[in-house]
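Q: Dropping a prediction and its sequence here:
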Amino acid sequence: MSTPVAAAQRAPVPMVVVGGYLGAGKTTLLNRLLERADGLRVAVLVNDFGEINIDAALIRTRSSDVLQLENGCICCSIGGRLAEALAAVGARPDRPDLLVIEASGVSDPVRIAQVGMLDPALQLNAILVAVDVQDVDEQLCDPLVGDMVRRQISGATALVLTKADLAGACATEKVAARVAGMAPGAVVLAARHGEIPLAVFIDAAASPRRPQGLLQAGGSWKSQAGNMAGMAEVGSFSYATRRCFDRQRLRQALRTLPVPLLRAKGIVRLGGQDSVQEVHVVGGRLRIASLHGARVSESVFVFIGCFTAMGREAILRCLEGALAAP
C-alpha cells in the first residue's frame, strides 16, 4: 500500500468498482466510458473468471492503461494480488484521473471496494452494479446464484439497469422498483446502449488538469447537471455556511440522509476544534478526517446524485440540524 505520508502529498485517485452478474453488461459500460472520457486518464483493472482474460482484451482496444488479474474471484483467490495492483496505481508518479475496477461476475464488489479503501492513495467514488433487466428476476430465483446476485445488488451505491431498451419500459420499471427495495441507499439509473452520465464515475466538472481540492478556482461552487439517458438526471448542488458543525450530529445526519445519492464531500469546521475536516460519503459509508494545513472561513459541501427539489430541501434540513450552537 502507499504510505500515508506519500498519499497525503497528492490528491487521491477516484476509484469506481463495477460489479454485476455474468453477462450484465459491465464491459459495455466500461467501453462507453472510455469512448467518452474526453481527455481523462482512465486506468482499468479487469478480472475475468478463467485463465484467459477476454474482458481485458476487449477493453484494451479502447485504452492502453489496462491491468489484468485472471482466474477466479477477484476478492477471494487473488485478494493479495489485487492489493498489490492497486498500490502500484497509487504509487505512480503520474497518477490516472480515474481508476475503474471491473470485477468478475461471480465476485462481491463491496469486498473489492474495501480492499481499495485500505490505501490512502485511493478514494472510493462509487460501487456500480450492472443489472440485466431481462434476466435478473430469473437470477434472483436461482438457488445456486440467487444469494450472490442479491448480495451484489444490495451493496451498490449505483444500480445501472442494462438492456432496458430490449426489455421495454414496463419491465424496466418493475425491475427498478424491485432492486431499489434491495438497495435503498443506491441511485437507480437506466443505461441506453451502455451509456450513463460521466458524473456516475467522476465529478462532471472534472478535467485532466483540474485544481486540487474541493473548491474551484475563486472559491465558488459550481452546480452541474447532465441529462440522464434513462430514468433520472444526475446533478449536484452545494451548501455553504460560516457556522461550525457539531461532530456527532453531523455524523448522524450524513449517515441517515433521506435521499439516495452517489456521493457527498465537504470541507468543514467543527465546533471546539481548530483543525479543518474533510468529509466523504459514498453509499452510506462515511469518513471524516483532519485536513492538515487547510485554513477556511466557512464549511462547504457538494452532493452528487439524482435529486428532486424536495430531496434537496430534505438534505439541507439535515445539515441545518447538525450545526453547532452559535
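A: Received the coordinates, thanks.
Q: Which residues are in contact with Leu30?
A: Taking C-beta atoms under 8 Å, 6 or more residues apart in numbering, we find Leu30 in contact with 18, 44, 59, 100, 102. C-beta: built from backbone N, CA, C; applies to glycine.
Q: you'd agree the last one is up against Val44?
A: Yes: contact between Glu102 and Val44 holds when scored by C-beta atoms under 8 Å: they sit 6.6 Å apart.
Q: more crowded one of those two?
A: Glu102 (29 against 26; other C-beta atoms under 10 Å).
Q: Serialize the contacts of Leu30 to JSON lines and add fields for distance to Ala83.
A: As requested, those are exported to JSON lines (distance: C-beta to C-beta, whole Å):
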{"residue": "Val18", "distance to Ala83": "18"}
{"residue": "Val44", "distance to Ala83": "17"}
{"residue": "Ile59", "distance to Ala83": "21"}
{"residue": "Val100", "distance to Ala83": "17"}
{"residue": "Glu102", "distance to Ala83": "17"}
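Q: Identify the farthest-apart pair in the residues you listed.
A: Greatest spatial distance among the contacts of Leu30 (C-beta to C-beta): Val18 and Ile59, at 11.0 Å.
Q: so what's in contact with these two at the same time?
A: 30, 102.
Q: And the helices in the stretch 51-200 of the chain?
A: Applying DSSP state H, counting those that start in this stretch to the stretch 51-200 of the chain gives helices spanning 54-60, 79-90, 109-117, 136-141, 146-154, 164-167, 169-182.
Q: Buried deepest among these, which one?
A: Ranked by mean neighbour count under mean count of other C-beta atoms under 10 Å, these are led by helix 109-117, which reaches a mean of 22.
Q: Contacts for that one next, please.
A: 15, 17-19, 74-75, 79, 82-83, 86, 101, 103, 122, 124, 127-129, 151-152, 155-156.
Q: What's the PyMOL line that selects buried ones from those residues?
A: PyMOL command restricting these to the buried ones, with burial defined by 16 or more other C-beta atoms under 10 Å:
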select buried, resi 15+17+18+19+74+75+82+86+101+103+122+124+127+128+129+152+155+156
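Q: Now the terminal residues of stretch 146-166, how far apart.
A: For stretch 146-166, the first-to-last residue distance is 23 Å (C-alpha to C-alpha, to the nearest Å).
Q: Low-confidence stretches in the stretch 101-250 of the chain?
A: Within the stretch 101-250 of the chain, the ranges that satisfy pLDDT under 70 run 204-232.
Q: Who does Val234 form a beta bridge with?
A: As for beta bridges, Val234 partners with Gly226 under DSSP bridges.
Q: How much space separates it from Val175?
A: Taking C-beta to C-beta, to the nearest Å as the criterion, Val234 is separated from Val175 by 20 Å.
Q: Render the CA-only coordinates of stretch 262-274 in PDB, please.
A: The C-alpha trace of stretch 262-274 is given here as PDB (Å, rounded to 0.1, in the frame of the first residue of the first chain):
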ATOM      1  CA  LEU A 262     -23.900   8.900  -5.500                       C
ATOM      2  CA  ARG A 263     -21.600  10.700  -3.100                       C
ATOM      3  CA  ALA A 264     -21.000  13.700  -1.000                       C
ATOM      4  CA  LYS A 265     -17.900  15.500   0.100                       C
ATOM      5  CA  GLY A 266     -17.000  18.500   2.100                       C
ATOM      6  CA  ILE A 267     -14.500  20.700   3.900                       C
ATOM      7  CA  VAL A 268     -16.000  21.600   7.300                       C
ATOM      8  CA  ARG A 269     -15.200  23.300  10.600                       C
ATOM      9  CA  LEU A 270     -16.300  21.600  13.700                       C
ATOM     10  CA  GLY A 271     -17.200  23.200  17.000                       C
ATOM     11  CA  GLY A 272     -14.500  23.100  19.600                       C
ATOM     12  CA  GLN A 273     -11.800  22.000  17.100                       C
ATOM     13  CA  ASP A 274      -9.100  24.100  15.400                       C
END
